[in-house]
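[1] Pasting the sequence and the predicted coordinates here, then a few questions.
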2 protein chains.
Amino acid sequence: MTRSLVVLSGGLDSTVCMAVAARAGAELIAVTFDYGQRHRVELDRAAAVAARFGADHLMVHLDASQWGGSALTDTSIAVPDASEAASAPDRIPVTYVPARNLIFLSVAMGVAEARDADDVYLGINALDYSGYPDCRPEFVASFAATAALATKRGVEGRPIPIRTPLVDLTKAGIVTLGIEVGAPLELTWSCYRGGARPCGTCDSCVLRAKGFAEAGVPDPALG
Amino acid sequence: MTRSLVVLSGGLDSTVCMAVAARAGAELIAVTFDYGQRHRVELDRAAAVAARFGADHLMVHLDASQWGGSALTDTSIAVPDASEAASAPDRIPVTYVPARNLIFLSVAMGVAEARDADDVYLGINALDYSGYPDCRPEFVASFAATAALATKRGVEGRPIPIRTPLVDLTKAGIVTLGIEVGAPLELTWSCYRGGARPCGTCDSCVLRAKGFAEAGVPDPALG
């Protein structure tokens, strides 16, 4: 039996990744980062998703609000609506968290090595996304090569592969795949703001709504 | 005035790095990791070194003992004496912490980007060291390229350089350089074990003692 580590935020993409890894028959380790994000809703959802899959769940605390630099970790920077973000499509948005996936993947590598995991899943996609540099496949390929140099596993000739099954999918494609593999989409949370219900206007909500609309299915998290 | 971020453990090497960066006239940010290591002595020393240089000091908490896999983060694995380590010179020692410098540098990149630092200093050296893969210059070069792909700074054509001024020095050379640049070597702590005084027999103590002996100066931390 293989053992897979999944970087799990509690959002749509990482939850579909969990279901893909589960379908492959792997024993699952889920790693969630409590990194000082604006709200804790997604952390509760991540715990619920991990429990649904019977995964060993590690909640890793790393307070990025100590240094800030993002609307997601510094409450003095407002989360913009998607319409504002769209007005500057070439700019990296203020919701970018400095080096986030670099940090998340690095910790994931450490956990994967300590727990002898066979691979690491990361739910990035570079099509319907917010324009973050650390969601691009060229970053992940470069990271894997760097991690092979950094780790005992790499030196021993058994580098830990990073699987990104969603990287070439649209948001609609991710929704469709999620339904196909039985991902508990009703448990997921995408909104950057942490209200009682998703705001519907931030970039993440708008991308999610577009995905469900194009897939032709209702969003079960809004039900 | 430039602004430099220094990854500061409170040990000999990172303290000499601080002094090198200070001599270059930079405004200093020191980042220290409280990562669930066996003892807290080095954290106190890091704080003392940062204060000596008037650096902005961030203590970053990330509990690697949650996953373990190292004698430094799992108290059920004993720290070996240097003589045991020397009996298997081709093996990566049990004091290797999975992905440690990958994680430290990743967080350093996030802080450097958020705080608009000009460069990052890392006190690795690949000559008199314990054989950790993440202390090799080829790892650091690969990491810098990966970080340039991951970060806003990289995308904007201003990647953050990583300076490793000690990488080609022997431990004796580091001691000599430290004295030359006025590093407070008396504040530093190298011992893997956290007793009232350095144990003198772990790999880190033995490397340090060899360095001072070959440099022909007494170790002020033992005074």
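    Arrived safely, thanks for sending.
[2] Quick check: A:D44 is in a helix.
    Yes - counting by DSSP: H, G, I helix; E, B strand; the rest coil, A:D44 falls inside a helix.
[3] wait, isn't it in contact with A:T32?
    No - using C-beta atoms under 8 Å, A:D44 makes no contact with A:T32, being 10.1 Å away. Yep, even glycine has a C-beta here, placed from its N, CA and C like the rest.
[4] strand partners of the longest strand seen in chain A, parallel vs antiparallel please.
    Ranked by residue count, the top strand of chain A under DSSP state E comes out as strand A:27-34. Paired strands of strand A:27-34, with direction, are strand A:3-7 (parallel), strand A:56-61 (parallel) (DSSP bridges).
[5] Do me a favour and average the pLDDT over the last one.
    Regarding strand A:56-61, the rounded mean pLDDT is 98.
[6] following the helix or strand of chain A with the lowest mean pLDDT, which helix or strand shows up next?
    The helix or strand of chain A with the lowest confidence, counting by mean pLDDT, DSSP states H and E, is helix A:82-86 at a mean of 76. Downstream of helix A:82-86, the first helix or strand assigned by DSSP states H and E is helix A:100-114.
[7] so that following helix versus strand A:27-34, what angle?
    140 degrees (axes from the mean of the first three to the mean of the last three C-alpha atoms, to 10 degrees).
[8] Contacts for the next helix or strand after helix A:100-114, please.
    Later in the chain than helix A:100-114, the nearest helix or strand by DSSP H and E is strand A:119-121. For strand A:119-121, contacts defined as C-beta atoms under 8 Å, 6 or more residues apart in numbering or on different chains pick out A:2, A:4-7, A:17-18, A:20-21, A:105, A:108-109, A:112, A:160-165.
[9] before we move on, back to that, ok, and for the longest strand of chain A, which residues are buried?
    Buried residues in strand A:27-34, counting neighbours by 16 or more other C-beta atoms under 10 Å in any protein chain shown, are found at A:28-33.
[10] same check, this time on stretch A:64-74
    A:64, A:66-74.
[11] and those as JSON lines, adding secondary structure and distance to chain B?
    Listed next are these as JSON lines, based on DSSP: H, G, I helix; E, B strand; the rest coil; distance: C-beta to the nearest C-beta, whole Å:
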{"residue": "A:A64", "secondary structure": "helix", "distance to chain B": "7"}
{"residue": "A:Q66", "secondary structure": "helix", "distance to chain B": "6"}
{"residue": "A:W67", "secondary structure": "coil", "distance to chain B": "4"}
{"residue": "A:G68", "secondary structure": "coil", "distance to chain B": "6"}
{"residue": "A:G69", "secondary structure": "coil", "distance to chain B": "3"}
{"residue": "A:S70", "secondary structure": "coil", "distance to chain B": "8"}
{"residue": "A:A71", "secondary structure": "coil", "distance to chain B": "12"}
{"residue": "A:L72", "secondary structure": "coil", "distance to chain B": "12"}
{"residue": "A:T73", "secondary structure": "coil", "distance to chain B": "8"}
{"residue": "A:D74", "secondary structure": "coil", "distance to chain B": "9"}
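[12] Including pLDDT, could the residues you listed go into a markdown table?
    Converted to a markdown table, the buried residues of stretch A:64-74 look like this (pLDDT from 0 to 100):
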| residue | pLDDT |
| --- | --- |
| A:A64 | 94 |
| A:Q66 | 94 |
| A:W67 | 94 |
| A:G68 | 92 |
| A:G69 | 92 |
| A:S70 | 92 |
| A:A71 | 91 |
| A:L72 | 91 |
| A:T73 | 92 |
| A:D74 | 91 |
